[in-house]
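Asker: from the sequence below, what's the structure:
(one chain, ligands or ions: 1)
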Amino acid sequence: MSYRITWIEAQRSFEAAAHETVLDAARRAGVVLPSACEFGGCGTCRVKVQHGRVQYDELPPALSQEAADAGYALLCQARAASDLAISTERVLAAPAPARRRKTRVLSTAPLGPDVTRLVLGFADEEPWAFRPGQYVDVFPGDAAPRSFSIASRSGAMEASRQLELHIRRIEGGYFTQTRLSALRAGDVLDVEGPLGGFGYHDDDYRPIVMAATGTGVAPLRSMLAAMLASGDTPPIDLYWGGRTPEALYLHDELTQLAAQHDDFRYVPVLSQPDAAWPGARGYVQDAVLADHPDLSEHALYLCGSPIMIADASRAFVASGASIRYLYVDSFTFAHSPPVEAAA
Ligand SMILES: Cc1cc2nc3c(=O)[nH]c(=O)nc-3n(C[C@H](O)[C@H](O)[C@H](O)COP(=O)(O)OP(=O)(O)OC[C@H]3O[C@@H](n4cnc5c(N)ncnc54)[C@H](O)[C@@H]3O)c2cc1C
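Answerer: Modelled structure (predicted):
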């Protein structure tokens, strides 16, 4: 059985069999739809299903039940269950096609107890363009690629030749523990990018709430630099959560940024503070809701672990947030284990 899929904005139609993903069917028909990770982890292929039904083996990690109920679908996992009309209305244009390039490690430095700043320089000296909020895939050479958000401040002079990543150590993680600690200046790493559809929607002139945990702040740092430099953004409240003060590795930088911009507020939130901590306590989403019990007029940008994103999305939608203005960057990880080292 096959169904007719119509992509409204592009005025293209193609057939999709019931057993294949809509993205695979599009590709077979020569129709290029936005996509990146292809395991339902990044949300780049999110579309609004205007007519029809899709189905999944299981709900993809980057699609909340609320978003699915509101008619959004991730095409790399969704299979058509009827004819479909899909809309890519909210997709941000990519500044440049992704490509694989050689980089050299310029530096590694600890940012906190379990976070490392890795700065890579492009070996070919060619400037590169990314949209703040995007990510790259890093190829360890002997294992499958690992995804990391671009933390570089796009306005900074070096951003066109360098790439800054903030990497949290995963206990037992092949890249973030074993390989990262062995990297030295001058080592070569292949990187593919820029990837992903996360970023600032400048057509939504609504007050902005950003919420992140841990290294989820990395893409927001990059976005904030560009947004605040433009001088033309709605008010932005950033809530950043960690367990203890040491986890908030950009605390001084963000505090300074807030002091420089009247329209930017930074709210650090600790889930395990000591008695002396003067700031917000608990989970980051609870701190957001304490300040904004009604989110119906806001645009929301969420970055971090899939669990935080799922919990926060649910709580924010229950407080009036519209899925249409809820943008997420979920730090899922590839399901497959690292591939065996080449002999
Ligand atoms: C779009 C995107 C952007 C990302 N950006 C960042 C970023 O900016 N900074 C950052 O620190 N991370 C980021 N991540 C998560 C990062 O890709 C993974 O943590 C990383 O791939 C782990 O690699 P590893 O080789 O160390 O772990 P692996 O050897 O692949 O995994 C070891 C074990 O840990 C589990 N695991 C792996 N990753 C995680 C995780 N994140 N949380 C919990 N358990 C895990 C695995 O299931 C496995 O059991 C991002 C992920 C995505 C999809």
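
Asker: what's near enough to touch residue 127?
Answerer: Counting by CB atoms under 8 Å, 6 or more residues apart in numbering, residue 127 touches 160-161. Where you see a C-beta, it was placed from the backbone N, CA and C, and this is true even at glycine.

Asker: now it, what's its secondary structure?
Answerer: Under DSSP: H, G, I helix; E, B strand; the rest coil, residue 127 falls in the coil class.

Asker: okay, it: pLDDT?
Answerer: pLDDT for residue 127: 80.

Asker: same question for residue 339.
Answerer: 37.

Asker: how about the helices in the stretch 1-150 of the chain?
Answerer: When assigned using DSSP state H, counting those that start in this stretch, the helices of the stretch 1-150 of the chain occupy the ranges 22-28, 65-69.

Asker: make sure residue 290 is indeed in a helix.
Answerer: Yes. Applying three-state DSSP, one finds residue 290 inside a helix.

Asker: and for the residue nearest to it when sequence neighbours are not counted, the neighbour number?
Answerer: Leaving aside its chain neighbours, residue 290 sits nearest to residue 280 (7.4 Å; criterion: CB to CB, 6 or more residues apart in numbering). Using other CB atoms under 10 Å, residue 280 has 20 other residues around it.

Asker: okay, and the beta partners of residue 280?
Answerer: Under DSSP bridges, the beta-bridge partners of residue 280 are residue 269.

Asker: ok, it to residue 266 distance?
Answerer: 11 Å (CB to CB, to the nearest Å).

Asker: what does residue 330 give?
Answerer: Residue 330 sits 22 Å away from residue 266, going by CB to CB.

Asker: same check, this time on residue 148
Answerer: Look at residue 148 and residue 266: by CB to CB, they are 23 Å apart.

Asker: look at the two and report which has more neighbours.
Answerer: Neighbour totals were compared for residue 148 and residue 266, and residue 148 leads with 25 against 22 (other CB under 10 Å).

Asker: give me every residue that touches that one.
Answerer: Residues in contact with residue 148, defined by CB under 8 Å, 6+ apart, are 118, 135-136, 138, 165-167, 218.

Asker: Serialize those to JSON lines and add fields for distance to the ligand and neighbour count.
Answerer: Formatted as JSON lines, the contacts of residue 148 follow (distance: CB to the nearest ligand atom, whole Å; neighbours: other CB atoms under 10 Å):
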{"residue": "118", "distance to the ligand": "10", "neighbour count": "21"}
{"residue": "135", "distance to the ligand": "4", "neighbour count": "26"}
{"residue": "136", "distance to the ligand": "9", "neighbour count": "26"}
{"residue": "138", "distance to the ligand": "8", "neighbour count": "25"}
{"residue": "165", "distance to the ligand": "6", "neighbour count": "22"}
{"residue": "166", "distance to the ligand": "6", "neighbour count": "23"}
{"residue": "167", "distance to the ligand": "5", "neighbour count": "24"}
{"residue": "218", "distance to the ligand": "4", "neighbour count": "29"}
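
Asker: which one of these is nearest residue 50?
Answerer: Nearest to residue 50 among those, counting by CB to CB, is residue 135 at 28.4 Å.

Asker: which residues does the closest one bridge with?
Answerer: Counting by DSSP bridges, residue 135 forms beta bridges with residue 149, residue 195.

Asker: any idea which residue of this structure lies closest to the ligand?
Answerer: Using CB to the nearest ligand atom, the closest approach of the chain to the ligand is made by residue 173 at 2.2 Å.

Asker: and for that residue, the neighbour number?
Answerer: Per other CB under 10 Å, the neighbour tally for residue 173 reads 16.
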